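Peer 1: Would you be able to build a 3D model of this:
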Amino acid sequence: MTSIFDFSANSLAGAPVNLQQYQGQVLLIVNTASACGFTPQYQGLEAVYQQFRARGVAVLGFPCNQFGAQEAGDAAAIGAFCEKNYGVTFPLFAKVDVNGAGAHPLFAKLKHDAPGILGTERIKWNFTKFLVRKDGTVYKRYGPATKPESIIADIEKLLAQ
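Peer 2: Okay, the predicted model is just below:
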């Protein structure tokens with residue numbers, strides 16, 4: 001059985017990151033965009049990261065330009081935007097596709113293990129969130145409208161396991 005920790009992705013700076021380094025942590029993995037109606041959720045994601053990172057929670061942001069071309073910038077523009085406007089310090093990765101033939105394998109796994117409404121695997125929009133247990137298995141999927149702070153109870157539950 002493959003776990004989330006078996007994957008790697010490039011950081012926003014382009015360096016390969018083995019997700020094995022997050023083994024034993026609870027992960028909140030999110031596909032993000034800088035020009036989306038949900039973009040203010042960066043603030044909530046950063047708040048969750050600050051509240052829980054010392055307890056073993058990592059928020060991982062994956063910019064995606066597949067929804068309304070809402071992440072058109074390059075890596076430098078994405079990083080500058082997130083830092084300047086939302087004070088983002090949690091790890092951001094290089095832009096990825098989350099749907100279609102070119103979908104990053106990590107997102108193929110997340111979608112397969114936590115399908116959406118009516119069992120559909122397709123991600124519908126930016127800021128879809130996946131909560132992952134300490135063992136690398138997917139716990140739950142949350143839609144774009146779900147605010148990060150409303151996931152806190154589930155994070156607490158996974159930290160207690």
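Peer 1: Low-confidence ranges, this structure, go.
Peer 2: Across the chain, the ranges flagged by pLDDT under 70 are 1.
Peer 1: Next, the spatially closest residue to Gly24 that is not a sequence neighbour: secondary structure please.
Peer 2: In space, and not counting its chain neighbours, Gly24 is closest to Lys134: 5.3 Å by CB to CB, 6 or more residues apart in numbering. All C-beta atoms are positioned from the backbone trio N, CA, C, and that covers glycine. Classification of Lys134 by DSSP: H, G, I helix; E, B strand; the rest coil places it in coil.
Peer 1: Got phi/psi on Lys134?
Peer 2: Dihedral angles of Lys134 (phi, psi; degrees, to the nearest 10) stand at phi -60, psi -30.
Peer 1: which ones are touching it?
Peer 2: When contacts are counted by CB atoms under 8 Å, 6 or more residues apart in numbering, Lys134 touches 23-26, 56, 158, 161.
Peer 1: Which parts of the chain are strands?
Peer 2: 8-10, 16-18, 26-32, 57-63, 129-132, 138-142 (DSSP state E).
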